[in-house]
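next one to model:
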Amino acid sequence: MNISIASGKGGTGKTTFAVNLAYYLGEKLHNSQKVTLLDCDVEEPNCHLFIKPNKTKEIAVTVLHPVVDNEKCDGCGKCVEKCNYNALALVKKKVLLFDELCHSCGLCKVVCPQLAIKEVPHQMGKVIISEDETNSFFFGYGLLNIGESLAPNVVKDLKKHRIDGAINIIDSSPGTGCPVVESLSDADVTVLVTEPTPFGLHDLKLAVQLSLKMRKPTGIVINRSDGDDKIIAQFAEKIGIPILGRIPFDRKYAEAYSTGKILVQEFAELADIFAGIYNEIIDLKTSEPPLFKEDNFLLSGVKKDEVVFEKQGNADNFKEIIVISGKGGTGKTTITSSLAQLAKNRVLFDTDVDAADLQLLLKPTEFQEEIFISGQMAHIDSEKCIACGLCKECHFDAIDMNGPKNDFVQITYKVDKQHCEGCGFCAYVCPVSAITMSPEPTGKCFISKTDNIPMSHAELGVGAENSGKLVTQVRNTAAQLANKLHASQTIGDGPPGTGCPVIASVTGVDLVIIVTEPTVSGLHDMERVIKLTKHFGVKTSVIINKADLNKDMSNKIHEVAQFANISVIAEIPFDRNIHDALMKEQTIIEYAKGEAYEIIKNLWSKIDENL
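Alright, predicted model coming up:
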């Protein structure tokens, strides 16, 4: 049985659940059935921090990357014209390749009339397999190289290590983009881990929509349950999907997690909870998933043809600040929403387009929207297809031979829309023009207004490919608003991870603020994000949230930041008031209670100094 663990929102406890389920089942079933755990959150894998494998084997993940022979190239520019990812540029009759943008589709090679482009293997990640014989379950994880964008390729290679007949547990990445689609494909059951907060509900809806769209039997696990789970329970009942179990909210679990401990090993009471959840998963496997048609993109406020703003300030240019985290759930949206109310003369933006939450706290009163079209989708005319197989050379495995018969052949080719990247390779090589490319809507862009604060944000379509183009559109809109309204700065809430959306969020900004937490995963993911910001030469600062949860780990964060020549500008304590503020859909600045509030309210002056 293949069990995919997903979350929509980062930081809900998805990895904690996956690790503990694998450990529990491995200990219980190791004499009767094999168990595997594969960490497919390849941008920020964390399972190994808890499994702690001693002996591992690394397997390179490669893609075919174009290389231009400048002696053969005549500078015609056809490869530049055809590239849908802006990864090629023609400068003084020479073709330049931007590795971070290249999707390795192979189109540039086939369009080159001089045969000046060849493809060579390029390592963009790796799969790491544990060879420890003492573990009660098989473990492996994927790791995407910093600066690379093709996370699904690493996920796909890691999934090759599933064992037939075993209980295969897949820990997917947060969100609803293409890496999650790859993680959920072939799943027998999807388990969605959430928390009973408005953020948790909002992002759960998106994850549910993706899983049901893929026709997966779907269930919910409520983490950090404090007994008041009505908002999740009511949604689950409305949609018709079961709550598989609840894991209690307890600081002792958070403290054990922060040091890398496996909870079911430390707390006997959790074994019964995981036993009950697994029994529910077994029953879920044979169920028929319900249809789900609810529109999750509704915003508060009044929809307008155009939202009008008053002038923000007198600045001739602006500084751009982005708040990111590496790991989801560290509190970056809490920090960003607070900065939105503390700063003056600002424009806001949210580039976490998989699961944009900033608008939940800021509650727009007016908004305008437009459909965002990014790239194209291939369509095969089954009446024209001669099944020659040239399109099957698709580098993304998006062409299947399962189309209807026609006058020429008994079976034709068909496009797998969930894997199509819109590169245009298949349409170019088709000898009978049976394949066409059409514009593909991938989401919606919004301009919102709250207390005269302008905000640019977007929602990626569920299951859509996130190439960073939508992120760039959000940033460009914020920049246009800042220039028009003479704002002094734009402040953005960024996505988790280190992949394509994060790259598109941080390149060229004036300041990156990393929000981390003193846990083994928080430190690990902060280190990877620092490598990314160093790679792009962006000034960076760090905020430690829940800093008193683990003082030793907070000290390690300080050491890592100091070694990287990065300042830690704030330590925010573990404060239940932040949770209480979120439950009331308020920022901590509006809630105005607790020790965390006293620190956060003075945060903007420190950030202003860093600028």
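
gap between residue 430 and residue 389?
Per Cβ to Cβ, to the nearest Å, residue 430 is found 11 Å from residue 389. For the C-beta atoms, the positions are set from N, CA and C on the backbone; glycine is no exception.

distance of residue 88 from residue 403?
Per Cβ to Cβ, residue 88 is found 32 Å from residue 403.

which regions of the stretch 151-300 of the chain sit below the pLDDT cut-off?
For the stretch 151-300 of the chain, applying pLDDT under 70 flags the ranges 293-299.

show me the strands in it, by range?
167-171, 189-194, 218-225, 243-248 (DSSP state E, counting those that start in this stretch).

deepest of those, which one?
Highest mean neighbour count among the strands of the stretch 151-300 of the chain (mean count of other Cβ atoms under 10 Å): strand 189-194, with a mean of 28.

pull the distance from that strand to the chain's centre.
16 Å (Cα atoms, centre = their mean, to the nearest Å).

burial of residue 238, as a residue count?
Residues lying near residue 238 (other Cβ atoms under 10 Å) number 9.

try the one 4 residues further on
Under the neighbour criterion other Cβ under 10 Å, residue 242 is assigned a count of 16.

how about it: what's its closest non-neighbour residue?
Distances taken as Cβ to Cβ, 6 or more residues apart in numbering place residue 219 nearest to residue 242, at 5.0 Å, with adjacent residues excluded.

what do you get for residue 35?
residue 137 (3.9 Å).

tell me the secondary structure for residue 369?
Under DSSP: H, G, I helix; E, B strand; the rest coil, residue 369 falls in the strand class.

I'd guessed it sits against residue 303; true?
Yes: counting by Cβ atoms under 8 Å, residue 303 is a contact partner of residue 369 at 7.0 Å.

neighbour count winner among the two?
residue 369 (16 against 12).

comparing residue 88 and residue 403, which residue is more hemmed in?
Applying other Cβ under 10 Å to residue 88 and residue 403 shows that residue 88 carries more neighbours, namely 21 against 18.

now do the same contact list for the residue nearest to that one when sequence neighbours are not counted.
Spatial nearest neighbour of residue 88, chain neighbours left out: residue 80 (4.5 Å); criterion: Cβ to Cβ, 6+ apart. Residues in contact with residue 80, defined by Cβ atoms under 8 Å, 6 or more residues apart in numbering, are 88, 89, 90, 95.

residue 187 contacts residue 1, doesn't it?
No: counting by Cβ under 8 Å, residue 187 does not reach residue 1; the two are 9.2 Å apart.

which one of those two has more residues nearby?
Per other Cβ under 10 Å, whichever of residue 187 and residue 1 has more neighbours is residue 187, with 22 against 14.

any idea how far residue 162 is from the more buried one?
Taking Cβ to Cβ, one finds residue 187 at 11 Å from residue 162.

any common contacting residues for these two?
Joint contacts of residue 187 and residue 162 (Cβ under 8 Å, 6+ apart) are residue 2.

now do the SS call for the residue in the chain sticking out farthest from the centre.
Distance to the chain centre peaks in the chain at residue 407, reaching 44.3 Å (criterion: Cα atoms, centre = their mean). The assignment at residue 407 comes out as coil when based on three-state DSSP.

next: the one 10 residues further on.
Under three-state DSSP, residue 417 falls in the coil class.

just give the nearest non-adjacent residue to it, would you?
residue 377 is the one closest to residue 417 (Cβ to Cβ, 6+ apart), at 6.4 Å.

tell me the buried residues in the one helix or strand residue 475 maps to?
Element membership for residue 475, per DSSP states H and E: helix 469-485. Residues of helix 469-485 classed as buried: 469-475, 477-479, 481-482, 485 (neighbour count, 16 or more other Cβ atoms under 10 Å).

can you give me the helices in the stretch 501-611 of the chain?
Secondary structure of the stretch 501-611 of the chain, counting by DSSP state H, counting those that start in this stretch: helices at 520-535, 551-563, 576-583, 588-591, 595-600, 603-610.

the fifth one: which residues count as buried?
By 16+ other Cβ under 10 Å, the buried positions in helix 595-600 come out as 596, 597, 599, 600.

among these, which two are most distant?
597 and 599 (7.4 Å; Cβ to Cβ).

show me how the chain divides into domains.
As given by automatic domain parsing, the domain ranges for the chain are 2-53+135-285, 62-123, 302-373+443-610, 382-433.

reformat these as TSV; add distance to residue 292.
Shown next, in TSV, are the domains of the chain (distance: least, Cβ to Cβ, whole Å):
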stretch	distance to residue 292
domain 2-53+135-285	4
domain 62-123	30
domain 302-373+443-610	10
domain 382-433	17
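
how about low-confidence regions in the stretch 351-500 of the chain?
Residue ranges of the stretch 351-500 of the chain with pLDDT under 70: 465-467.

mind listing the strands in it by residue range?
Going by DSSP E, counting those that start in this stretch, the stretch 351-500 of the chain shows strands at 366-380, 399-403, 412-415, 435-450, 453-460, 489-493.

list the strands paired with the fourth one, with their directions.
Strands that pair with strand 435-450, judged by DSSP bridges, come out as strand 366-380 (antiparallel), strand 453-460 (antiparallel).

if we can go back for a sec, and of the strands of the stretch 351-500 of the chain, who's closest to residue 50?
strand 489-493 (28.0 Å).

kindly calculate the angle that that closest one makes with strand 453-460.
Relative orientation of strand 489-493 and strand 453-460, computed by axes from the mean of the first three to the mean of the last three Cα atoms, to 10 degrees: 40 degrees.

so what touches strand 489-493?
318-323, 332-333, 336-337, 339-340, 343, 345-352, 356-358, 475, 478-479, 482, 505, 509, 611.

brilliant, that's me finished.
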